[in-house]
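Structure here, sequence nowhere to be found:
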DNA sequence: AGTTCCGCCTGCATGC
DNA sequence: TGCATGCAGGCGGAAC
């Protein structure tokens, strides 16, 4: 479930189930789901089993689950002082790649491409005071471009919260994990919905790039969370051709584009993300509805919602770009 | 350092 | 019908 809105739908769906939950059991069915983990499956399982998840956090298309230090596995764990463990903070990191899903539940029929299964114990009790039933998290991924990993956490460079943590933000804004980011996410820029996103910094970075503006939108080191769908949708909304050189776009144009990016991402989020098939679903296996509002992505041959001209789909960087040939004319040769 | 290309995978639609 | 080809919402690393 690739781009920001789809990943946020998953993060928000996981949040109530995993916050404060303890990992009871880890099962790795396919080691290819651990390509970002520095070690074998046994190491992944060992470092995760028994740990308590503090929250569900997201930056761009990356999610992570900070692990508390209270329950390190192993015989010496009980004697380990909290401060010592806290010197090596860790998180479970998840990236969905092109086709990853995280499904929540119990008694769910086994999905075809199950890669990792986590059993977690939520912290609460039911009305009778009994412990809540354990919950199963299934990491399902057809193409195995997604992955999970245990990674160390570093302080954020700007000192701001590392990403969006949902309701926990208001409950525990000063927790140490808020201002730490997994090492493998540290090179990813903040996303445009992050309150700490620096618009001027984005404008400055974009204006240093000679490549086309779509390439810049897709560069997760400049701005994160945008993929092929929302890049095309945002460029249509801003009436920009994808090959317009970023360094020749006026600042006001870039500001306008950033506004459109935010509007598109927010609208997609309201609709539960974009789903074309059963591949892109929330933690309960349900589809989002934003595909019904797409102006250009996958709409080749359909009329442009603004001017009625048929939308075209063109090869671009070994992928495709969709645009309105009238609203988004190709830049003149000397501007390319 | 910025930019571009390629490989990593499986499944599906298309065309011959 | 079978088979080859191309394409799919992403990322990181190599090569220029």
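Structure received. Model, not experiment: these values are computed from the prediction.

I'd like the distance between residue A:218 and residue A:304.
Distance of residue A:218 to residue A:304, computed by CB to CB, to the nearest Å: 22 Å. The way it works is simple: take the backbone N, C-alpha and C, and place the C-beta from them, glycine included.

Alongside DNA strand B, which residues does the stretch 51-200 of chain A contribute?
For the stretch 51-200 of chain A, the contact set with DNA strand B under CB under 7 Å from any atom of the strand comprises A:98, A:112, A:113, A:142, A:143, A:144, A:145.

Give me the distance between the last one and DNA strand C.
With distances defined as CB to the nearest atom of the strand, to the nearest Å, the gap from residue A:145 to DNA strand C amounts to 4 Å.

for that residue, phi and psi?
phi -80, psi -20 (degrees, to the nearest 10).

Hmm, residue A:99 and it touching each other?
Yes: judged on CB atoms under 8 Å, residue A:145 makes contact with residue A:99 at a distance of 6.8 Å.

Which helix or strand contains residue A:216?
helix A:213-218 (DSSP states H and E).

Which of the helices or strands spans residue A:15?
Under the assignment here (DSSP H and E), residue A:15 is part of helix A:4-18.

Now that helix: average pLDDT?
The average pLDDT within helix A:4-18 is 97.

Stretch A:326-336 too?
78.

Stretch A:109-122 now?
On average, stretch A:109-122 scores 94.

Residues contacting that stretch, please?
A:17-18, A:20-30, A:32-34, A:48, A:53, A:99, A:101, A:103, A:131-132, A:134-142, A:144, A:148 (CB atoms under 8 Å, 6 or more residues apart in numbering).

Next, the contact list for the residue lying closest to residue A:325 once chain neighbours are set aside, please.
Distances taken as CB to CB, 6 or more residues apart in numbering put residue A:312 closest to residue A:325, at 5.5 Å, once the chain neighbours are dropped. By CB under 8 Å, 6+ apart, the residues touching residue A:312 are A:300, A:322, A:323, A:324, A:325.

run the last query once more with 10 Å
Counting by CB atoms under 10 Å, 6 or more residues apart in numbering, residue A:312 touches A:296, A:299, A:300, A:301, A:304, A:321, A:322, A:323, A:324, A:325, A:328.

what's the most distant pair in those?
A:301 and A:328 (16.1 Å; CB to CB).

Give me the more crowded residue out of those two.
Higher neighbour count among residue A:301 and residue A:328: residue A:328, with 24 against 8, using other CB atoms under 10 Å.

so the closest residue to residue A:180 other than its chain neighbours bridges to which residues?
Of all residues not flanking residue A:180 in the chain, residue A:153 sits nearest, at 3.8 Å (CB to CB, 6+ apart). Note on residue A:153: beta-bridge partners by DSSP bridges are residue A:182.

Straight-line length of stretch A:164-184, end to end?
End-to-end distance of stretch A:164-184 (CA to CA, to the nearest Å): 17 Å.

which parts of it are buried?
Across stretch A:164-184, burial judged by 16 or more other CB atoms under 10 Å covers A:164-166, A:168, A:175, A:177-184.

From residue A:327, how far off is residue A:160?
37 Å.

more neighbours, the two?
residue A:327 (21 against 15).

Run through the residues that contact the more buried one.
A:235-241, A:295-296, A:304-307, A:309, A:311.

Going through the residues you listed, which ones are buried?
A:235, A:236, A:237, A:238, A:239, A:240, A:241, A:295, A:296, A:304, A:311.

need the contact list for the closest residue to DNA strand B within the stretch 51-200 of chain A.
For the stretch 51-200 of chain A, the residue closest to DNA strand B is residue A:143, as judged by CB to the nearest atom of the strand, at 3.2 Å. Listed by CB under 10 Å, 6+ apart, the contact set of residue A:143 reads A:32, A:97, A:98, A:99, A:100, A:113, A:279.
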